[in-house]
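S.K.: Quick check, what structure comes out for this input:
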Amino acid sequence: MTKVVIVGGGWAGIAASITAKKAGAKVTLIERMDILLGLGNVGGIMRNNGRYTAAEECILMGAKELFHITDRASRHINIDFPGHTHASLYDVCKVEPMVRKLLKGLEVEIYFMARGVDVEKKNNAITGIRLQNGELVEGDVFIDTTGATGPMGNCTKYGNGCAMCILRCPSFGPRVSITQKSGIEDLVGKRSDGSLGAFSGSCKLNKDSLSEDLAAQLNREGVVILPVPQDDINTEKLNIKVCQQYALKEYSENIILLDTGHAKLMAPFYPMEKLRKIKGLENARFEDPYSGGMGNSIRYLAISPRDNRMKVTGGENLFCGGEKSGLFVGHTEAITTGSLAGHNAVRYFKGMPLLELPTTLATGDLIAYENNCRKTEDGIRTRYTFAGADYFQRMKDLGLYTIDQDVLKSKIKRMDLLNIFEEKFV
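M.R.: Got it, this is the predicted structure:
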């Protein structure tokens, strides 16, 4: 039986585990922490703008499980906030156990608190992942979904220090790039000013630290917008965010809170003394990162070179997905790229042609477009997301954006891709 080993248990690694398992492989997922989902434990936004289209494409192609989970875990659906429509906000406190239960039911083998620190190779092919405790996890095909955030030294060098975020590098050890350990050089994303990396785009506030009225409004409506005092408006901070779909003037002129179980503050960080000047936030406390008053985690420092089938360039039997595979932003982007990587990993082992999604689908176009744009200096300074900024405009210009499920089903059926991720090869 084909054995697929996936390193990194975020949304992309989980999605890859599911599609590889559906294709008939024995799947092992290696996660350095004691929980799954990584940044998915502090995210929570789904189906906003073009992510609705991409989610429905993935569902129709047969990778439905994770979208169904986030739909079931949503505290609010079909809400609007500045620059975004028909969004769903899942409860970040509930979703990880639901995902873990799903993988257990699929009999995916999970190594928790297991950090891959090196690779074993024969010729140009990886034969196993060496864990920090010395154990070797052998496999036939490997998928790098380790992300592009951390280790702590990078957050200090390119940010404002370790922000003590959900990734908990001090406890579980820093991220290690499997691509880099294979002898393949990673790419590095830049900010608009040319500096390396980008700050994560939001923080979490403890909801109990809000005023009772504000917490009640957030629970009821899902979104709260609070004007920032004129003297504290800072438009410069918009340029450092990874999430350029939220780099609108409304996000510098207002505090925008979203209800994801905690109160999601749509800013990379916010000085505590200024935050507590705003009515309702007089006792505000950061939930993640704990140092959200001065900084946040730094991302996009380790991007794998790849083709449009998610195969790592220069690697014999190595694939990638999620933020590891491109300058992508968001859970939907991670799930869609991870799903393709898991599916193609099994196709590769079976000697079958690898699936490349057509650019007439939003998912296929995003993968190909980012891969082409990253070759330029402007492209390496851009972030790519279905949810906004330049790429969402591209979706609309190309007619790829729709929330009509019947239209999408007809299109995918014509392409003979309906339920393609359900096919079993082994």
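S.K.: and residue 98, helix, strand or coil?
M.R.: Recorded secondary structure, residue 98: helix (DSSP: H, G, I helix; E, B strand; the rest coil).
S.K.: which residues sit in contact with it?
M.R.: 69, 72, 73 (C-beta atoms under 8 Å, 6 or more residues apart in numbering). Any C-beta I mention is one placed from the backbone N, CA and C, and that applies to glycine too.
S.K.: Strands of the stretch 51-200 of the chain, residue ranges please.
M.R.: Secondary structure of the stretch 51-200 of the chain (DSSP state E, counting those that start in this stretch): strands located at 74-81, 84-90, 109-111, 116-122, 125-131, 136-138, 141-144, 198-199.
S.K.: List of residues touching the last one?
M.R.: Strand 198-199 is touched from outside by 159, 189, 191, 240-242, 268-269, 295-300, 383, with contacts defined as C-beta under 8 Å, 6+ apart.
S.K.: Which PyMOL command selects the buried ones in those?
M.R.: Entered in PyMOL, the line below selects the buried ones among the contacts of strand 198-199, by 16 or more other C-beta atoms under 10 Å:
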select buried, resi 159+189+191+240+241+242+268+269+295+296+297+298+299+300+383
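S.K.: Flag the shaky bits of this structure, pLDDT-wise.
M.R.: Applying pLDDT under 70 to the chain picks out residues 233-248.
S.K.: ends of stretch 90-99, how far apart?
M.R.: 13 Å (C-alpha to C-alpha, to the nearest Å).
S.K.: ok, now stretch 112-132?
M.R.: Distance across stretch 112-132, first residue to last, is 12 Å (C-alpha to C-alpha).
S.K.: tell me which residues in that stretch are buried?
M.R.: 114, 115, 116, 117, 119, 121, 126, 128, 129, 131.
S.K.: Residue 28 is in contact with the last one, correct?
M.R.: Meaning residue 131. No - assessed by C-beta atoms under 8 Å, residue 131 is found out of contact with residue 28, at 11.3 Å.
S.K.: for this structure, which helix is longest?
M.R.: Counting by DSSP state H, the longest helix found in the chain is helix 331-349.
S.K.: ok and it relative to strand 84-90, angle-wise?
M.R.: Per axes from the mean of the first three to the mean of the last three C-alpha atoms, to 10 degrees, the angle that helix 331-349 makes with strand 84-90 is 70 degrees.
S.K.: quick revisit: anything in contact with each of residue 131 and residue 28?
M.R.: 111, 137.
S.K.: picking up where we left off before, just the closest of the contacts of strand 198-199 to residue 202, please.
M.R.: Lowest distance from residue 202 to these (C-beta to C-beta) belongs to residue 268, with 7.2 Å.
S.K.: Could you check how far the closest one is from residue 341?
M.R.: 28 Å (C-beta to C-beta, to the nearest Å).
S.K.: And for residue 323?
M.R.: 13 Å.
S.K.: Need the residues touching each of those two.
M.R.: Joint contacts of residue 323 and residue 341 (C-beta under 8 Å, 6+ apart) are residue 12.
S.K.: quick one, which of the strands of the stretch 51-200 of the chain is nearest to residue 183?
M.R.: strand 116-122 (8.1 Å).
S.K.: Please identify the buried residues of stretch 199-206?
M.R.: 199, 200, 201, 202, 203, 204, 205.
S.K.: Nearest to residue 398, out of those: which one, please.
M.R.: Nearest to residue 398 out of those is residue 201 (C-beta to C-beta; 25.4 Å).
S.K.: Give me the three-state assignment for the closest one.
M.R.: Per three-state DSSP, residue 201 ends up coil.
S.K.: thought it was touching residue 268?
M.R.: Yes - with contact defined as C-beta under 8 Å, residue 201 reaches residue 268; the gap is 5.7 Å.
S.K.: returning to what we had before: now the two most distant members of the buried residues of stretch 112-132.
M.R.: Greatest spatial distance among the buried residues of stretch 112-132 (C-beta to C-beta): 114 and 121, at 19.6 Å.
S.K.: Tell me the one of the buried residues of stretch 112-132 nearest residue 174?
M.R.: Once C-beta to C-beta is applied, the member of those that ends up nearest residue 174 is residue 115, at 8.3 Å.
S.K.: To what extent is the residue nearest to that closest one when sequence neighbours are not counted buried, counted in neighbours?
M.R.: Using C-beta to C-beta, 6 or more residues apart in numbering and skipping the chain neighbours, the partner closest in space to residue 115 is residue 32 (4.0 Å). Residue 32 has 27 neighbouring residues, counting by other C-beta atoms under 10 Å.
S.K.: Show the contacting residues for residue 412.
M.R.: Per C-beta under 8 Å, 6+ apart, neighbours of residue 412: 57, 60, 61, 361, 418.
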